[in-house]
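# build me a structure from this.
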Amino acid sequence: MSVVAGWCNGSTLTLIPVLLMDIVELSEYGVCYGVSSFAVGVLGFLRPSMIGHYRDKLGDYEGLFFLLAQCTLVLAFFWMCASAYDRCLANRHKKAVRCTQGYFWRLGKLESMGNSDINPT
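Numbers count the residues shown, from 1 in each chain. Predicted coordinates for the structure are as follows:
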């Protein structure tokens, strides 16, 4: 189980820059990546005290496990809402296409990236 958890955590580290590039424009990418890295760093300082609280005050890590499960469910719900919103925009305006990775791209974004010769179908 720890091998699967390590593989999942390691693979997400390499996908974060790709996700950020999909969300923001190229001119805003540096600031977005810096702010997200700063937020992860600040939250990393809180991690030891939070783990210590659950172990020392409550006696076990069960509460921490349930807290992480709740955070995961809330974030999964938000991502599902964002995906549904993108699909709704794509169906309503017909300005987005489904690319092979499963993300929705605006046609204008593809052209702004210098790929105007791509004919998405």
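
# domains of this structure?
1-60, 77-121 (automatic domain parsing).

# past the host helix or strand of Val3, which element shows up next along the chain?
Val3 is located in helix 2-23, with elements delineated by DSSP states H and E. Next along the chain after helix 2-23, taking DSSP H and E as the criterion, comes helix 29-56.

# what's the average pLDDT for the lengthiest helix in the chain?
Ordering each helix of the chain by length in residues (DSSP state H) puts helix 62-93 first. Mean per-residue pLDDT for helix 62-93: 86.

# show me how far it is from its chain's centre.
Relative to its chain's centre, helix 62-93 lies at 10 Å (C-alpha atoms, centre = their mean, to the nearest Å).

# buried residues in that helix, which are they?
Asp86, Ala90 (16 or more other C-beta atoms under 10 Å). For every residue, glycine as well, the C-beta is placed using N, CA and C.

# what's that helix packed up against?
Judged by 3 or more C-beta pairs under 8 Å, 6 or more residues apart in numbering; DSSP states H and E, helix 62-93 is in contact with helix 29-56, strand 96-98, strand 104-106.

# distance to Leu15 for those - can I get that in CSV?
Below are the helices and strands packed on helix 62-93 laid out as CSV (distance: least, C-beta to C-beta, whole Å):
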stretch, distance to Leu15
helix 29-56, 13
strand 96-98, 19
strand 104-106, 17
